[in-house]
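Asker: coords below, sequence missing:
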């Protein structure tokens, strides 16, 4: 199913007049495009101060998206008590957001290509801010899950539009490397800072307050975006709705089946049927994309070995990190008896080290090159996660949690910028939206799939004591995260490193 997109040319005359030099081509189409392009180029030419402001608008807006991915973690015990969620049902608060986010990202990216990334960026801020208001006002479990899904819709358009605006506003080279480092630092810091903010507001006010914060921030970003963000050229085309639905529903079916495995077992029909349906829909999705005139996932994006390696690495890496935040936040509250604020502050060692390393990435990339920095970052994260996975009921915070977090923070600070750059490296201009969308899609789908797997595996562990159960389940889940990271290291070494070497 395809829906045609129409767009206003801005400078087109009221009625097209046929051009005698090119029969059948309206003269307005021939004169409008150069003028519109010149207008866009004037909008895109800006000084350092303007560039900094554009980067700030993009990063703050993206920060809201990442923040909401983690802000719920420190409030999970309160949410479970208030809304009556089960242990496995609790994961749907996160999965409802990341599945819709990941499934519709590519459609959101395509919308930017068709209608202009600045315009859809503004609309996405409106949707995301309104959905945040609904989350804060929830009165039941189903309302919370539905509102989180609506947040995912807004995020699915906002994230690829932000990345596309960044790549179009900063030329390849040192300027883009610095902008990408800032963007990637936001991704890392947003996840960790969300835990602190979530813990603070949950402790002092309510877990709801963190979502209300998005509303005034969103309004300010809308005003600034209208004033300062450059518009991008709009391209004619169609929406690949069939591809978007198959990707979203197929991924959701897989997660549903994996989550059901925790309650019914891996061989139960409630598990096997959704898993089979999910696999079937994703196979059909690939077939649809091959035949689509304008697919949401142009399969040529996978022609690059480096980009393919970056997609695999990101899916594994972000899946492991989602498990890390989800289970560690619950561990420090249930085992140590800490408040949500204390739980958020427990992640500060990681946050601070992450920032220190992230700001040094541009220099490190110039000195050592992208493959070495990326490999070192993913390897460090793996070591830290393996250390953290030794959690039990008597693990001390300093040596069992804080020090591993320092290593994880250093690894994440090093890894995210080169991982993002490899994911969009060499993408043709006409595929810019789809390319940035695919980077974010593998991020979110990987997070949802990994969290469902880790939750299902952890749910099999039982000791008969609440705190001991949380400790044992957290250790089991984090061991799974370490395995995912080890696979990510293998992907970097076998796909990305050789690809970069062959280019040289």
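Answerer: Happy to help now that I have it. Owing to the predicted nature of the structure, the values given are computational and were not obtained by experimental measurement.

Asker: now the strands: where do they sit in the stretch 201-350 of the chain?
Answerer: In chain order, the stretch 201-350 of the chain shows strands spanning 237-240, with DSSP state E, counting those that start in this stretch as the criterion.

Asker: sorry, that was for the chain
Answerer: In chain order, the chain shows strands spanning 2-5, 237-240, with DSSP state E as the criterion.

Asker: mean pLDDT for these: which is lowest?
Answerer: Confidence, taken as mean pLDDT, is least for strand 2-5 of the strands of the chain (a mean of 38).

Asker: nearest residue to residue 68 in space, please, no chain neighbours.
Answerer: residue 151 (6.2 Å; C-beta to C-beta, 6 or more residues apart in numbering). For every residue, glycine as well, the C-beta is placed using N, CA and C.

Asker: that neighbour: neighbouring residues, count only.
Answerer: By the measure other C-beta atoms under 10 Å, the count of residues near residue 151 is 28.

Asker: so it is in contact with residue 98, correct?
Answerer: No: between residue 151 and residue 98 there is no contact, the gap being 10.2 Å when judged by C-beta atoms under 8 Å.

Asker: got the contact list for stretch 201-218?
Answerer: Here stretch 201-218 makes contact (C-beta atoms under 8 Å, 6 or more residues apart in numbering) with 60, 64, 67-68, 71-72, 74-75, 78-79, 82, 125-126, 128-129, 132-133, 135-138, 194, 197-198, 339-342.

Asker: if we use 6 Å, what do you get?
Answerer: Contacting residues not belonging to stretch 201-218 are listed as 64, 71, 74-75, 78-79, 125, 129, 132-133, 135-136, 197-198, 339-341 [C-beta atoms under 6 Å, 6 or more residues apart in numbering].

Asker: skipping adjacent residues, who's closest to residue 317 in space?
Answerer: Counting by C-beta to C-beta, 6+ apart, residue 317 lies nearest to residue 488, which is 4.7 Å off, once chain neighbours are set aside.

Asker: and the pLDDT for that neighbour?
Answerer: Here, the pLDDT recorded for residue 488 equals 94.

Asker: with the one 5 residues further on instead?
Answerer: Reading off the confidence values, residue 493 has pLDDT 92.

Asker: and what of residue 110?
Answerer: According to the per-residue confidence, residue 110 scores 74 in pLDDT.

Asker: show me the contacts for the closest residue in space to residue 365 that isn't next to it in sequence.
Answerer: Residue nearest to residue 365 in three dimensions, not counting chain neighbours: residue 373, with 5.7 Å by C-beta to C-beta, 6+ apart. With contact set as C-beta under 6 Å, 6+ apart, residue 373 has these partners: 364, 365, 414, 418.

Asker: hang on, the residue nearest to residue 68 packs against residue 130?
Answerer: No: using C-beta atoms under 6 Å as the test, residue 151 is too far from residue 130 to be in contact (9.2 Å).

Asker: mind showing which ranges of the stretch 51-200 of the chain have poor pLDDT?
Answerer: Counting by pLDDT under 70, the ranges of the stretch 51-200 of the chain that qualify are 86-88, 171-173, 187-189, 191-192.

Asker: other residues contacting stretch 260-278?
Answerer: Contacts with stretch 260-278, where a contact means C-beta under 6 Å, 6+ apart, come from 88, 250, 253, 254, 256, 257, 456, 459.

Asker: chain neighbours aside, what residue packs nearest to the second one?
Answerer: Across the structure, with C-beta to C-beta, 6+ apart as the measure, the residue nearest residue 250 apart from its sequence neighbours is residue 281 (3.4 Å).

Asker: picking up where we left off before, can you get me a residue count around the residue nearest to residue 317?
Answerer: Close neighbours of residue 488, defined as other C-beta under 10 Å, add up to 29.

Asker: start the count at 44, not 1, going forward
Answerer: That works, and once the first residue is 44, the last one we named lands at residue 531.

Asker: contacting residues for it?
Answerer: Contacts here follow C-beta under 6 Å, 6+ apart; on that basis residue 531 touches 356, 359, 360, 421.

Asker: now those in a markdown table, with pLDDT?
Answerer: Output for the contacts of residue 531, formatted as a markdown table (pLDDT from 0 to 100):
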| residue | pLDDT |
| --- | --- |
| 356 | 92 |
| 359 | 94 |
| 360 | 94 |
| 421 | 94 |
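
Asker: farthest pair in those residues?
Answerer: Using C-beta to C-beta, the two most remote members of the contacts of residue 531 are 359 and 421, lying 8.9 Å apart.

Asker: so the two - more neighbours on which side?
Answerer: For residue 359 against residue 421, the residue with the higher neighbour count under other C-beta under 10 Å is residue 421, and the figures read 29 against 25.

Asker: so that one makes contact with residue 459?
Answerer: No: using C-beta under 6 Å, residue 421 and residue 459 do not qualify as a contacting pair, with a distance of 10.1 Å.

Asker: okay, now the closest residue to residue 427 other than its chain neighbours: neighbour count?
Answerer: Taking C-beta to C-beta, 6+ apart as the measure, residue 427 lies nearest to residue 450, with 3.2 Å between them; neighbours along the chain are not counted. The local packing of residue 450 (other C-beta under 10 Å) involves 21 other residues.

Asker: what residues are up against residue 450?
Answerer: Contact partners of residue 450, counting by C-beta under 6 Å, 6+ apart, are 423, 426, 427.

Asker: correct me, but the first one touches residue 454?
Answerer: Yes: judged on C-beta under 6 Å, residue 423 makes contact with residue 454 at a distance of 3.3 Å.
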